[in-house]
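**Q** Just a sequence and a predicted model for now, questions to come.
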Amino acid sequence: MTRKALLAGGCPEPYHRIESAMPPVLAALEACGLDTTTSGVFHPDGTERFVGDYSALTAENLAQYDLLTLYTTGNERRGADVGAIVNWVESGRAFVGIHNAADSFTDDAAFVAMLGGKFRTHPAQLDIATEVVDAAHPIMQGVETFTVHDELYLFADYDPSRVHLLAQTHSYDDNGPVPVVWTREPGAGRMFYLSLGHNAQTLQDPHWQRLFRNGVRWALREI
């Protein structure tokens, strides 16, 4: 039976719009054999006008999915039940957060703990050399050090002892290397976070695509 995924994203702001993220992210999810539904906040005419919400993020709706990929931004719920997301993951489901997922619902301590950290700030976009930390992990198979020009997130409430760090960068000094990719296993579930993905060019990068697909398959316990 084909597994089902939900891609939830977008925001009212001019950045992190789901329209630019959809093609490469959907291509990666479909390459993993997932039947994917997209929901969120859309800008149908490319202006500031937006439609939609995060009402797909409820316990009743999430129950039909095996995997949730989050590309939302901000603390406004817009119909989302944040507690239901956490409970859904901890019940044994698969969660994949891209970039601005760490800048979502940051006022909810349980969500931040599930993810492993939250967005604090970022420097100007720069060339980010992503260095493999744990080459033996299944997610890092076939992934080598690569460089993309992107927005580098710096984190708060990040405890390295509570995550499994897979990749980091020395391209910016935040009192040490900056974490870029990590996993957690909240309850019976699996969580994969990839902080790169502000730009469509990054989402299309073959290294990013491989890393993302591996993360999806690991979260689904396929590798």
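**A** Arrived safely.

**Q** Please make it C-alpha for all contacts and neighbour counts, starting now.
**A** Fine.

**Q** Flag the shaky bits of this structure, pLDDT-wise.
**A** Judged against pLDDT under 70, the chain has no low-scoring part.

**Q** Check the gap between the residue of it most remote from its centre and Arg78 for me.
**A** Going by C-alpha atoms, centre = their mean, the residue of the chain most distant from its centre is Asp45, 25.7 Å out. Counting by C-alpha to C-alpha, to the nearest Å, the separation of Asp45 from Arg78 is 20 Å.

**Q** Over to Gly33?
**A** Counting by C-alpha to C-alpha, the gap from Gly33 to Arg78 is 30 Å.

**Q** Excluding sequence neighbours, find me the nearest residue to Leu57.
**A** Ala80 (4.8 Å; C-alpha to C-alpha, 6 or more residues apart in numbering).

**Q** Please apply the same query to Thr73.
**A** Using C-alpha to C-alpha, 6+ apart and skipping the chain neighbours, the partner closest in space to Thr73 is Ser104 (4.6 Å).

**Q** likewise Phe111?
**A** Val86 (6.0 Å).

**Q** With Met140 instead?
**A** Setting aside the residues directly before and after it, Met140 is nearest to Leu211 in space (C-alpha to C-alpha, 6+ apart), at 6.8 Å.

**Q** ditto for Phe105
**A** Nearest residue to Phe105 in three dimensions, chain neighbours excluded: Asn75, at 4.3 Å (C-alpha to C-alpha, 6+ apart).

**Q** still on that earlier bit, show me the residues around the residue nearest to Leu57 that make contact.
**A** Counting by C-alpha atoms under 8 Å, 6 or more residues apart in numbering, Ala80 touches 54-58.

**Q** now do 10 Å
**A** For Ala80, the contacting residues are 53-59, 105, by C-alpha atoms under 10 Å, 6 or more residues apart in numbering.

**Q** what does Asp108 give?
**A** So Asp108 contacts 75, 82-83 (C-alpha under 10 Å, 6+ apart).

**Q** next one: Ala110
**A** Counting by C-alpha under 10 Å, 6+ apart, the residues that Ala110 touches are 82-83, 85-87, 116.

**Q** please redo it, this time with the cut-off set to 8 Å
**A** Per C-alpha under 8 Å, 6+ apart, neighbours of Ala110: 83, 86.

**Q** State the helix or strand in which it lies.
**A** Using DSSP states H and E, Ala110 maps to helix 109-115.

**Q** before we move on, back to that, tally of neighbours for the residue nearest to Thr73?
**A** Ser104 has 23 neighbouring residues, counting by other C-alpha atoms under 10 Å.

**Q** where does it sit relative to Leu26, distance-wise?
**A** For Ser104 relative to Leu26 (C-alpha to C-alpha), the value is 20 Å.
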